[in-house]
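Colleague: Sequence first, predicted model second:
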Amino acid sequence: MPVKDEDVARLSPLGHAHVNFLGRYAIASSGPSEGLRELGEIPDLPEINSSAVRRES
């Protein structure tokens with residue numbers, strides 16, 4: 001099916017402009033450039049009672 005020029009003119013660059021010809025993403029980062037930040041505190045999670053877990057058979 002041929003693609004018309006007037007249809008191409010209506011395409012949004014937001015949907016595909018971040019993917020280059022080879023299919024690789026080109027995303028500009030505005031975040032910190034010096035390594036990774038430290039993680040915050042990880043809360044203690046409650047234990048899961050394995051006998052209370054419903055198993056489907």
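Modeller: Right, received. Where do you want to start?

Colleague: Give me the phi and psi for Val8.
Modeller: phi -60, psi -40 (degrees, to the nearest 10).

Colleague: Can you tell me how far it is from Asp44?
Modeller: Val8 sits 55 Å away from Asp44, taking CB to CB, to the nearest Å as the criterion. C-beta: built from backbone N, CA, C; applies to glycine.

Colleague: Next: Val3.
Modeller: Computed with CB to CB, the distance linking Val3 and Asp44 is 57 Å.

Colleague: Over to Arg37?
Modeller: Arg37 sits at a distance of 22 Å from Asp44 (criterion: CB to CB).

Colleague: can you check Ala9 too?
Modeller: Ala9 sits 56 Å away from Asp44, taking CB to CB as the criterion.

Colleague: and if you look at Glu38?
Modeller: Noted for Glu38: a distance of 19 Å to Asp44, by CB to CB.

Colleague: In the chain, where is pLDDT below threshold?
Modeller: The model of the chain has pLDDT under 70 over residues 12-21, 23, 26, 31-33, 49-57.

Colleague: ranges for the helices of it?
Modeller: For the chain, the helices defined by DSSP state H cover 5-9.

Colleague: could you pull out the strands for it?
Modeller: Taking DSSP state E as the criterion, the chain carries no strands.

Colleague: what about Leu36, how many neighbours?
Modeller: 7 (other CB atoms under 10 Å).

Colleague: same question but for Leu45, I mixed them up
Modeller: 6.

Colleague: ok, now Gly40?
Modeller: Look at Gly40: counted by other CB under 10 Å, it has 6 neighbours.

Colleague: cool, Pro43 as well?
Modeller: By the measure other CB under 10 Å, the count of residues near Pro43 is 5.

Colleague: what's the answer for Ile42, then?
Modeller: For Ile42, the neighbour count with other CB under 10 Å is 6.

Colleague: same deal with the one 4 residues further on?
Modeller: Residues contacting Pro46 under the criterion other CB under 10 Å number 5.
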